[in-house]
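**Q** model the structure of this input:
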Amino acid sequence: MADIVFGVHTGPSNCTVAELQALWRYVEDGPFDWISIWDHLYSADATSPHNLDAVAIHTALAMTTSRVTCGSLVYCAGFRHPVVLAKAMATIDHLSAGRCAFGIGAGWLRTEFAAYGFAYGRPPARLDVMEESIRCIKGLLHQGEGARFGFEGDHFTMTDAAFEPAPVQARLPIWVGGGGERRTLPIAARYADGWNVPFIGPDDFARKNAILNDLCAAEGRTPEALARAVNVGYASDERSLEAQFGPLAEAMSPGVLKGGTDQIAEGVGRFVEAGATQINLALRAPFSYEAVDALAAYIGSL
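**A** The predicted model follows:
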């Protein structure tokens, strides 16, 4: 299991910057190699508008840490023009000395789209925006110094577009988030460096992973060209599971690691057998240091 990346995904909702920074420092002092944030305008359960800006908090993550990869899972394509997002990610790559990674998704939380007047539409339309955004961002970030990029799509147009400075990394990793098999997985297979999906069980992950392998082959890519990450929860017991997820506990349970080191080992092992190359512990406020310690204890036992 030496090649598995372990990370912590930190939701910047209903918390302070100081609370996040304390958590990031604690995580980086442990056996983790990845920390990421999410991009929402409301909390992910749509109950609160208290959410810190994703690009700003991604920048804070880069400036607070010194070792881990600083990621996002994932930016909503519908919230920002692709050149604005590309410029921010290239700048964060410079601020972090080449530790930036970021994901793009189509967006799914209707509440935040409606509240602020973003066009929601049907999933095909949001996925069209996402695919064009990824194509534009890849063209800008990976074209190299002195090159010019052109693009004409249904949603975005760029003409002889220069992009400097380039990121520190020759290929700044771009992730695609989501589990949709008709559009999201094909987009990931064609354009992404990594694929991420949250809170699904190992069997479902294995099925989607097999589809993704076939799609990569159709694109002339090897399975190894695409990292595969799953975001999981942690519950020490069934009572903890119920307290965290309430009426959704049963549905979320397959994507939650439970118990002590031996049980966590079994759960992680099932995801690895299913094709995961990265395991992210997903936390939302109030942040559970118990969960961080439990996964860290397992990693330390390897």
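**Q** helix, strand, or coil at Gly150?
**A** strand (DSSP: H, G, I helix; E, B strand; the rest coil).
**Q** and it, what is it in contact with?
**A** Residues counted as contacts of Gly150 (CB atoms under 8 Å, 6 or more residues apart in numbering) are Met158, Thr159, Asp160, Ala161. The C-beta positions use only the backbone N, C-alpha and C, and glycine is treated the same way.
**Q** repeat for Cys216
**A** Taking CB under 8 Å, 6+ apart, we find Cys216 in contact with Ala189, Thr222, Pro223, Ala225, Leu226.
**Q** tell me where the stretch 151-300 of the chain has strands.
**A** Assigned by DSSP state E, counting those that start in this stretch, the strands in the stretch 151-300 of the chain fall at 157-161, 174-177, 194-198, 227-235, 256-258, 278-283.
**Q** mean neighbour count, distance to Arg135 and mean pLDDT for those - can I get that in a markdown table?
**A** Formatted as a markdown table, the strands of the stretch 151-300 of the chain follow (neighbours: other CB atoms under 10 Å; distance: least, CB to CB, whole Å; pLDDT from 0 to 100):
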| stretch | mean neighbour count | distance to Arg135 | mean pLDDT |
| --- | --- | --- | --- |
| strand 157-161 | 12 | 10 | 95 |
| strand 174-177 | 26 | 11 | 98 |
| strand 194-198 | 24 | 17 | 97 |
| strand 227-235 | 23 | 20 | 97 |
| strand 256-258 | 20 | 35 | 95 |
| strand 278-283 | 24 | 24 | 97 |
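**Q** out of the ones you listed, which comes closest to Leu295?
**A** Taking CB to CB, strand 278-283 is the member of these nearest to Leu295, at 5.2 Å.
**Q** what sits up against that closest one?
**A** Applying CB under 8 Å, 6+ apart, the contact partners of strand 278-283 are 4-11, 23, 34, 36, 73, 194, 196, 198-199, 227-234, 257, 268, 271-272, 291-292, 295.
**Q** can you flag the buried ones in the contacts of Cys216?
**A** Buried by 16 or more other CB atoms under 10 Å: Ala189, Pro223, Leu226, out of these.
**Q** most centrally placed residue in the chain?
**A** Residue closest to the mean C-alpha point of the chain, counted by CA atoms, centre = their mean, is Leu73 at 2.0 Å.
**Q** my read: that residue touches Ile104, true?
**A** No - Leu73 is beyond contact range of Ile104, at 9.8 Å (criterion: CB atoms under 8 Å).
**Q** so where's the stretch 1-150 of the chain uncertain?
**A** By pLDDT under 70, the weakly predicted segments of the stretch 1-150 of the chain are 1-2.
**Q** break down it into its strands, ranges please.
**A** Here the stretch 1-150 of the chain has its strands, by DSSP E, counting those that start in this stretch, at 5-10, 34-37, 69-72, 75-76, 102-105, 149-152.
**Q** including distance to Leu302, could the ones you listed go into JSON lines?
**A** Listed next are the strands of the stretch 1-150 of the chain as JSON lines, based on distance: least, CB to CB, whole Å:
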{"stretch": "strand 5-10", "distance to Leu302": "10"}
{"stretch": "strand 34-37", "distance to Leu302": "16"}
{"stretch": "strand 69-72", "distance to Leu302": "19"}
{"stretch": "strand 75-76", "distance to Leu302": "32"}
{"stretch": "strand 102-105", "distance to Leu302": "26"}
{"stretch": "strand 149-152", "distance to Leu302": "43"}
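**Q** quick check: which of the ones you listed is nearest to Ala114?
**A** Using CB to CB, the strands of the stretch 1-150 of the chain put strand 75-76 closest to Ala114, at 13.7 Å.
**Q** each with direction, which strands does that closest one pair with?
**A** With DSSP bridges as the test, strand 75-76 is paired with strand 102-105 (parallel).
**Q** neighbouring contacts of the strand it pairs with?
**A** The contact list for strand 102-105 (CB under 8 Å, 6+ apart) reads 58, 71-77, 85, 89, 130, 133-134, 137, 172-178, 194, 196.
**Q** from one end of stretch 112-120 to the other, what's the distance?
**A** One end of stretch 112-120 to the other measures 9 Å (CA to CA, to the nearest Å).
**Q** roughly how far out does it sit from the chain middle?
**A** In terms of CA atoms, centre = their mean, to the nearest Å, the centre of stretch 112-120 is set 22 Å apart from its chain centre.
**Q** could you work out the most separated pair of the contacts of Cys216?
**A** Ala189 and Thr222 (11.2 Å).
**Q** returning to that earlier point: least confident of the buried ones among the contacts of Cys216?
**A** pLDDT across the buried ones among the contacts of Cys216 is at its lowest for Pro223, which sits at 92.
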